[in-house]
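[1] Below: sequence and its predicted model.
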Amino acid sequence: LSNGFMKIESFEARVRLLPLLRKKVEISRFIIGGLEVNLEKKSDGRANWDFRQKGNAGEKITSPPSHWVNWSAPEDLSIALFAITDGTVLWADRTQHLDYRIEDLMLLFNNFTLDNPVGVEFKGTFGGKSLAAEGKMGPLGPNPGMGVLPVDLAVSLINSFSGQVKGKFINLLENPSYDLELHIPPFSARELFASLNIDFPYVTGDPTTYLSVGIDATAKGDKDNVSIENGKIIVDDTLLDISLAVKKFNNPDLGFTLNIDRLDLGRYLPLEATTTNNPESLGQSEQGATADSGWQKMNMAGTIQVKELRVGGGIINDISGNMRGADGIFMVDSSSFVLYQGRAQATLTVDMQKEIAETSIELKAQAVQVGPLLHDFMAKDFLSGSVDTDIYSQFSGNSLDRISKSLVAEGFLTLKNGVLEGIDLVNGLKNIVDLSSDLDSSAQKIRTEFSELKSIFTIRNGLVDSRETTIMSPISSTLVSGTAD
């Protein structure tokens with residue numbers, strides 16, 4: 001029995017006899033002691049709690065027995081106290097090689113009737129940490145498990161997480177569905193995982209991320225579909241407004257709209273690998289990251305808007321774009337954004353069919369102020385002016401080191417009404433300073449003012465090759481070419 005779905009150590013029921021003569025069932029105590037439930041998802045995906053499944057994997061799934069669906073409780077049923085004590089729930093997911101255990105489980109229903117809401121109290125421990133929930137559920141109606149079951153529950157976990165679930169479940173025994181409002185006040189996700197002795201799943205460059213996470217949303221769905229409406233998610237100082245619909249969990253079809261007020265992306269990017277000097281280890285953690293991740297099965301279509309995005313010290317404003325994808329290839333097109341007083345348009349494609357994801361970006365920009373852009377993104381102040389550009393780039397991987405080593409790009413730019421610090425092309429190229437270091441006061445006097453700079457360039461293996469670069473100044477025209485690392 002211990003290896004079965006359920007076992008019970010003790011059972012107690014006290015029924016009042018006189019009400020039975022009036023066809024009323026009044027139970028003063030109904031107590032189950034030492035309940036143990038074993039939930040198992042097998043390696044082939046079958047679940048031992050889905051009693052519709054018969055035979056081996058791949059065989060047809062049958063409906064629940066009709067006597068489950070059509071049963072009805074006694075019309076005049078009341079239970080003063082229904083309790084489960086000293087319970088244990090074991091959860092084993094053989095597909096993910098995970099095992100969890102809830103112990104010291106206590107579940108109380110007070111003043112249980114079919115035609116009135118029932119008080120519910122739950123307590124237990126997970127990894128030695130306390131779990132708790134209390135609230136109201138019902139009325140159950142004359143056919144429990146069929147029809148609408150209202151719920152209003154408050155949930156708490158280890159004094160660091162609390163939430164409220166309010167709404168309804170429908171037809172729990174046949175074609176179950178739900179319509180729920182979720183409210184989770186801000187909590188520290190890092191503290192929650194630490195208190196459960198579980199490693200935090202995201203290693204970010206900033207260890208102060210995910211210290212405040214909150215959710216408000218309406219969730220609707222059934223066994224095959226789910227939708228999130230009017231979702232508001234707070235992550236630290238970022239607010240996300242999201243609507244989401246997922247169909248067919250086995251082969252997900254995802255639709256969404258996402259609006260973000262501001263996001264400092266650099267805080268949430270993963271830490272750089274420490275072994276990138278070894279070519280054999282380069283991207284080792286990324287090997288197979290996409291091949292078996294399920295991205296190839298997903299269809300996606302949605303819209304994204306970001307008011308302010310911070311990346312590497314720079315700021316991009318008013319981002320909007322459409323995202324779509326299928327068969328492991330995802331694209332963001334019709335994307336536009338404001339970039340340092342100019343406008344830009346971009347198309348991004350990510351190919352997840354490869355062992356390591358490959359990304360291509362086509363960028364067009366007009367009237368971007370290059371001086372503050374270089375200052376914020378690169379902490380350099382050697383060039384200023386208004387730039388128009390058209391660039392196509394391609395790279396692989398998801399770490400900055402991998403991206404920089406695999407980056408291939410080509411394009412052209414036109415820079416107008418600018419200044420090139422550290423080089424005096426009017427008096428000769430002998431007056432040149434090291435542009436890779438900060439410019440001191442004497443070097444700042446060496447400069448070239450120009451009305452227009454045009455360049456065609458390529459980037460490969462970390463080298464920038466500039467050819468056909470023309471610099472027009474009020475008194476001269478200069479043709480320059482060269483390579484930079």
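    Arrived safely, thanks for sending. Residues are numbered from 1 along each chain as shown.

[2] okay, and for the stretch 51-200 of the chain, where does confidence drop off?
    Under the criterion pLDDT under 70, the flagged ranges of the stretch 51-200 of the chain are 51-75.

[3] Where do the helices of it begin and end?
    66-70, 189-195 (DSSP state H, counting those that start in this stretch).

[4] Please report how far T448 lies from L192.
    Distance of T448 to L192, computed by Cβ to Cβ, to the nearest Å: 57 Å. For every residue, glycine as well, the C-beta is placed using N, CA and C.

[5] Give the other helices and strands that the longest helix along the chain contacts.
    Longest helix in the chain by number of residues, with DSSP state H as the criterion: helix 370-378. Other helices and strands packing on helix 370-378, by 3 or more Cβ pairs under 8 Å, 6 or more residues apart in numbering; DSSP states H and E, are strand 314-326, strand 383-396, strand 408-421.

[6] Could you provide those in JSON lines, with additional columns for mean pLDDT?
    Below are those laid out as JSON lines (pLDDT from 0 to 100):
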{"stretch": "strand 314-326", "mean pLDDT": "92"}
{"stretch": "strand 383-396", "mean pLDDT": "92"}
{"stretch": "strand 408-421", "mean pLDDT": "90"}
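
[7] could the ones you listed be laid out in a markdown table, adding mean neighbour count?
    As requested, these are arranged in a markdown table below (neighbours: other Cβ atoms under 10 Å):
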| stretch | mean neighbour count |
| --- | --- |
| strand 314-326 | 16 |
| strand 383-396 | 18 |
| strand 408-421 | 17 |
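
[8] Need those in CSV (columns: distance to L81).
    Converted to CSV, these look like this (distance: least, Cβ to Cβ, whole Å):
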stretch, distance to L81
strand 314-326, 53
strand 383-396, 63
strand 408-421, 71
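
[9] ok, back up a step: need the residues that contact the longest helix of the chain.
    The contact list for helix 370-378 (Cβ atoms under 8 Å, 6 or more residues apart in numbering) reads 311-315, 339-340, 380-387, 415, 418.

[10] List the buried residues for stretch 18-32?
    E26, I27, F30, I32 (16 or more other Cβ atoms under 10 Å).

[11] So which of these sit within strands?
    E26, I27, F30, I32 (DSSP state E).

[12] and which of the residues you listed is nearest I356?
    I32 (52.8 Å; Cβ to Cβ).

[13] From V464, how far off is the closest one?
    Taken as Cβ to Cβ, the span from I32 to V464 is 73 Å.

[14] now swap in E36 and tell me
    66 Å.

[15] between these two, who's got more neighbours?
    A direct count of neighbours by other Cβ atoms under 10 Å for E36 and V464 places E36 higher, at 19 against 13.

[16] Contacts only, for that one.
    Counting by Cβ under 8 Å, 6+ apart, E36 makes contact with S2, M6, K7, I8, E9, G87, T88, V89, L90.

[17] same deal with F330?
    Contacts of F330 (Cβ under 8 Å, 6+ apart): W295, M300, M323, R324, T349, V350, M352.

[18] again, 10 Å this time
    W295, M298, M300, M323, R324, L348, T349, V350, D351, M352, A357, T359 (Cβ atoms under 10 Å, 6 or more residues apart in numbering).

[19] hmm, back to that, can I get the ones in strands among the buried residues of stretch 18-32 in a markdown table including pLDDT?
    Formatted as a markdown table, those follow (pLDDT from 0 to 100):
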| residue | pLDDT |
| --- | --- |
| E26 | 88 |
| I27 | 89 |
| F30 | 91 |
| I32 | 93 |
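
[20] Kind regards, and thank you for your time.
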